[in-house]
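Trainee: just need the structure, nothing else, for what follows:
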Amino acid sequence: MKPHIILHMGSSINGRIVPTHWPKDLTKDFSAVYEQIHEDLKGDAWLVGRITMADFAEGDPDPVAASQAYPRTTWKAPEAQEGPYAIAVDQGAKLHLNTGEINGDKVILILTESVSDDHLAELRRDGISYLFAGRSETDLALALKTLGEEFGIRRLLLEGGGGINGSFLAAGLIDEISLLILPLADGASGMPTTFDGPAVPASLLSLSAVERLDNDVLHLRYRVERSNG
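Mentor: Residues are numbered from 1 along each chain as shown. Okay, here's the model as predicted:
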């Protein structure tokens with residue numbers, strides 16, 4: 001059984017999610033609110049894409065030459081027998097984190113079977129758990145099934161960029177949305193939004209809660225009534 005997926009994001013009123021042009025005092029206050037709601041949502045794990053996870057890397061890449069071939073089966077680091085977990089989709093096996101934890105959360109990478117043995121040796125050295133979902137392209141549904149069955153994850157917070165969020169939406173894998181709307185109109189062109197990706201039929205939502213927070217931030221909660229997939 002796949003985990004219950006809650007998309008947890010914050011954006012301007014027109015959906016921009018990169019705070020490059022936003023007032024720094026507002027984004028500082030918003031970050032604290034965002035993290036508090038993250039805790040309140042009580043996820044067993046949180047999931048992002050490769051680019052977002054790369055920001056948590058420690059030091060420069062330190063590759064390893066494998067001394068053996070590794071089976072393309074799930075590997076759980078000895079220190080990662082229970083969560084919470086920090087998860088990233090790394091289809092191209094490009095992440096070099098050099099650590100198996102992020103703020104105490106154990107790291108899991110979602111890979112494809114095309115990954116090299118050298119990279120798997122590096123992940124094992126660094127205590128980073130991994131699983132496989134697809135031969136060369138990521139099967140998100142399979143990844144979620146494995147996270148539920150082999151890592152015991154029941155409630156997962158999706159907190160990625162527009163690309164990974166859009167992929168989950170297109171696959172019909174999001175159950176709820178927790179969206180913080182900042183009192184900002186960001187007209188910057190070409191910037192990521194809450195959902196990016198190929199055009200698919202729109203998903204219908206049902207509003208379950210609205211809360212006005214400090215600094216005129218709105219917290220909207222939706223149930224996904226019908227997704228594509």
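Trainee: CA only for contacts and neighbour counts going forward, please
Mentor: Noted.
Trainee: and the residue sitting furthest away from the middle of the chain, what pLDDT?
Mentor: Note on the chain: the largest C-alpha distance from the chain mean falls to Ser67, namely 31.6 Å (C-alpha atoms, centre = their mean). Model confidence at Ser67, given as pLDDT, is 96.
Trainee: same deal with the one 5 residues further on?
Mentor: If you check Arg72, the pLDDT there is 98.
Trainee: quick one: what helix or strand has it in it?
Mentor: Arg72 belongs to no helix or strand when elements are defined using DSSP states H and E.
Trainee: nearest residue to it in space, please, no chain neighbours.
Mentor: Leaving aside its chain neighbours, Arg72 sits nearest to Glu113 (6.1 Å; criterion: C-alpha to C-alpha, 6 or more residues apart in numbering).
Trainee: need the three-state assignment for the one you found.
Mentor: coil (DSSP: H, G, I helix; E, B strand; the rest coil).
Trainee: same thing with Ala88?
Mentor: Going by three-state DSSP: Ala88 is strand.
Trainee: what bridges to it?
Mentor: Assessed by DSSP bridges, Ala88 has beta-bridge partners Val48, Leu109.
Trainee: pLDDT score for it?
Mentor: Each residue has a pLDDT score; the one for Ala88 is 98.
Trainee: mind listing what's buried along stretch 70-89?
Mentor: 72, 74-77, 80, 83-89 (16 or more other C-alpha atoms under 10 Å).
Trainee: go on, stretch 31-45?
Mentor: Result for stretch 31-45 [16+ other C-alpha under 10 Å]: buried residues 33-34, 38, 43-45.
Trainee: also stretch 214-229?
Mentor: Within stretch 214-229, the residues scored as buried using 16+ other C-alpha under 10 Å are 217-224, 227.
Trainee: output those residues in a markdown table, with secondary structure appended to each entry.
Mentor: Below are the buried residues of stretch 214-229 laid out as a markdown table (three-state DSSP):
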| residue | secondary structure |
| --- | --- |
| Val217 | coil |
| Leu218 | strand |
| His219 | strand |
| Leu220 | strand |
| Arg221 | strand |
| Tyr222 | strand |
| Arg223 | strand |
| Val224 | strand |
| Ser227 | coil |
